[in-house]
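Trainee: Build the 3D model from these lines:
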Amino acid sequence: MTRTVETDAPASGGLLRTAGLPYFLIAFVARLPFAMMVVGVLTLVVSARGSMSLGGLNSAAVGTGTACFGALTGAAADRFGQRPVLLVLAGANSAMLLTFALIVYSDLPGSAVLAVAFGIGATAPQVAPMSRSRLVTLITERMAPARRARTISSTMAYESAADETVFVIGPFVVGILASTLAPWAPLVGAAALTLLFVGAFALHPSGRHVSAARGADGAALSAPRELFRARLLVVVAGTFGVGSFFGTMLTSLTSFMADRDASDRAGLLYGVMGIGSAALALGVALMPTRFSLRARWVTFSAVLLTGSLLLLVVDDVPGMITALALLGIGIGPTLVTQYSFGAERSPAGRTATVMTMLGSGVIVGQSLGSAVTGEVAERIGTQTALVLPVVAATIVAATGAVNWLLTGVEQRGRGSCRAVRTSSSDVGDQAEHPTRGGREGKAGVRAADSSHTPIDEEVAPKRQYPDPTAGQ
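Mentor: Numbering: from 1, shown residues only. I've put the predicted structure just below:
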């Protein structure tokens, strides 16, 4: 039994009209505190405790907390709706940020500081994955079927570009607040933004919408084991590779610039990759549908791997800028494609869970990559540290290849099933209407089949949701 959910009729306009412009503005700013947390924690600990090592451990603790609890918050949002979950997290995370700003100046041991840092990550509101989940649900349940494929592709492109932009702006804002006010100012600012904008994001009218693919008790119609199928786990592994690349690249770049007494310029150079990545991510929406999702992953991960190989021979800043520009071309479209696969392969009623799984993959990879690369750079040297982005890019390319194979198997399986269905339809049609055999009957089958508009013909079959407008 499924519960009746009141939904709008399929929208005739685009997603901007369906969700509203204020939604996108609020969702964009609501991402900023998360982008400020890791760098803000590192900056404050190094300033207050004078230990770079402790600062790095605290940054890793933030990422670990998010990785451990991110998917759980997504599951809670799927079960109870995003609004109550986000409101609780906004209050808890703001409190943890303010507590950290106080405890780091106290005489408490480093373990206490680490515990609070873990709490910051554990309570971090997952605005980016929640936004993706919310928009995918709106598209799937409120937009005309003919518009869904292109709209989801454009939405994933925008969301990835927004993430890239925020993660460039976030460290910049931290630097300004820490240098002009005090080292604790970025975390206090992040706490204020969390209360205001994450709260506004939770209270937005779209926040009360719950997917129609839920049971009467709020449980998903799909079994939890659907989250652990190979075709979904390979996407999570791919986002882990992307996160690892982010972490290894930024840390090795910082070491590269520190060798030239210009570590403060590392963020500016990293912005070259971020800007290019955001621009190309938006460009994904303009790509033709015949350029399939699995082909995009393989193609752009190959560009990423090629750009990372240039790092092995770079010996000056202009060369590094060239490599970063090429890397930006590869990383943005790859991440967009991975989220598009995640949206299509989400089990019914578990979109928020899947999106937070993908986001956690990025965070775990970034935290682990940063920690390992920092140790390698300090103990062995920059040249060896620059090998690690190549390793991360290889993971992205390898998972893209595995996904290509998995998608090919699915495509062949669907082809066989479609042939059986078509044959059965022909027989049934001719039995019921003997005069409509041959060309006319087959044309009718083809016309009926042409109404199927999946996001990508190479991706899993479209999920069937309960009709939210039908009496139940």
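Trainee: what are the ranges of the helices in the stretch 101-250 of the chain?
Mentor: Assignment of helices within the stretch 101-250 of the chain using DSSP state H, counting those that start in this stretch yields the ranges 110-122, 127-142, 145-180, 185-193, 199-203, 230-258.
Trainee: can you pull the buried residues of the last one?
Mentor: I take that to be helix 230-258. 231-257 (16 or more other CB atoms under 10 Å). Bear in mind the C-beta positions are built from the backbone N, C-alpha and C, glycine included.
Trainee: got the helices of the stretch 101-250 of the chain as JSON lines, with mean pLDDT and distance to residue 30 columns?
Mentor: Output for the helices of the stretch 101-250 of the chain, formatted as JSON lines (pLDDT from 0 to 100; distance: least, CB to CB, whole Å):
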{"stretch": "helix 110-122", "mean pLDDT": "93", "distance to residue 30": "16"}
{"stretch": "helix 127-142", "mean pLDDT": "81", "distance to residue 30": "5"}
{"stretch": "helix 145-180", "mean pLDDT": "78", "distance to residue 30": "10"}
{"stretch": "helix 185-193", "mean pLDDT": "94", "distance to residue 30": "8"}
{"stretch": "helix 199-203", "mean pLDDT": "92", "distance to residue 30": "4"}
{"stretch": "helix 230-258", "mean pLDDT": "89", "distance to residue 30": "21"}
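Trainee: Next, format those as CSV and append distance to residue 372.
Mentor: Converted to CSV, the helices of the stretch 101-250 of the chain look like this (distance: least, CB to CB, whole Å):
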stretch, distance to residue 372
helix 110-122, 18
helix 127-142, 24
helix 145-180, 20
helix 185-193, 25
helix 199-203, 33
helix 230-258, 7
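Trainee: For residue 296, find the nearest of the ones you listed.
Mentor: Nearest to residue 296 among the helices of the stretch 101-250 of the chain is helix 145-180 (10.0 Å), distances taken as CB to CB.
Trainee: now the closest one and helix 230-258, what's the angle there?
Mentor: 30 degrees (axes from the mean of the first three to the mean of the last three CA atoms, to 10 degrees).
Trainee: which intervals of the stretch 251-400 of the chain have sub-threshold pLDDT?
Mentor: 263-264, 349 (pLDDT under 70).
Trainee: Helices of that one, residue ranges please.
Mentor: 266-283, 293-310, 317-345, 351-379, 382-385, 388-432.
Trainee: Let me know which of those helices is the nearest to residue 100.
Mentor: It is, among the helices of the stretch 251-400 of the chain and with distance given as CB to CB, helix 351-379, at 16.9 Å.
Trainee: May I see the buried residues of that closest one?
Mentor: Buried residues in helix 351-379, counted by 16+ other CB under 10 Å: 351-374, 376-377.
Trainee: How about stretch 174-193?
Mentor: For stretch 174-193, burial by neighbour count (16+ other CB under 10 Å) applies to 174-175, 177-178, 183-191, 193.
Trainee: can I get those in a markdown table with distance to residue 163?
Mentor: Formatted as a markdown table, those follow (distance: CB to CB, whole Å):
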| residue | distance to residue 163 |
| --- | --- |
| 174 | 17 |
| 175 | 19 |
| 177 | 21 |
| 178 | 23 |
| 183 | 26 |
| 184 | 26 |
| 185 | 24 |
| 186 | 19 |
| 187 | 21 |
| 188 | 24 |
| 189 | 20 |
| 190 | 17 |
| 191 | 21 |
| 193 | 16 |
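Trainee: which one of those sits closest to residue 272?
Mentor: Of the buried residues of stretch 174-193, the one sitting nearest to residue 272 (CB to CB) turns out to be residue 175, at 17.2 Å.
Trainee: Identify the spatial nearest neighbour of the closest one, chain neighbours not counted.
Mentor: Of all residues not flanking residue 175 in the chain, residue 267 sits nearest, at 7.4 Å (CB to CB, 6 or more residues apart in numbering).
Trainee: Am I right that the one you found is in contact with residue 172?
Mentor: Yes: with contact defined as CB atoms under 8 Å, residue 267 reaches residue 172; the gap is 6.9 Å.
Trainee: which of those two has more neighbours?
Mentor: Between residue 267 and residue 172, counting by other CB atoms under 10 Å, residue 267 is the more crowded of the two (19 against 15).
Trainee: so how far is residue 170 from the more buried one?
Mentor: 10 Å (CB to CB, to the nearest Å).
Trainee: what's the answer for residue 323, then?
Mentor: Distance, residue 323 to residue 170, using CB to CB: 23 Å.
Trainee: same deal with residue 314?
Mentor: 26 Å.
Trainee: Settle it for me: which of the two has more neighbours?
Mentor: Per other CB under 10 Å, whichever of residue 314 and residue 170 has more neighbours is residue 170, with 22 against 17.
Trainee: Need the distance between the two termini of stretch 189-205.
Mentor: The first residue of stretch 189-205 is 26 Å away from its last residue (CA to CA, to the nearest Å).
Trainee: picking up where we left off before, of the helices of the stretch 251-400 of the chain, which approaches residue 113 most closely?
Mentor: Proximity to residue 113 (CB to CB) singles out helix 351-379 among the helices of the stretch 251-400 of the chain, at 16.7 Å.
Trainee: who does the closest one touch, helix- and strand-wise?
Mentor: Contact partners of helix 351-379 among helices and strands, from 3 or more CB pairs under 8 Å, 6 or more residues apart in numbering; DSSP states H and E: helix 52-80, helix 127-142, helix 230-258, helix 317-345, helix 382-385, helix 388-432.
Trainee: And for the shortest one, what's in contact with it?
Mentor: Defining contact as CB atoms under 8 Å, 6 or more residues apart in numbering, one finds that helix 382-385 is touched by 248, 251, 252, 255, 256, 258, 259, 373, 376, 377.
Trainee: domains of the chain?
Mentor: Domain assignment of the chain by automatic domain parsing yields the ranges 21-210, 230-416.
Trainee: could the ones you listed go into a markdown table alongside distance to residue 15?
Mentor: Output for these, formatted as a markdown table (distance: least, CB to CB, whole Å):
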| stretch | distance to residue 15 |
| --- | --- |
| domain 21-210 | 6 |
| domain 230-416 | 11 |
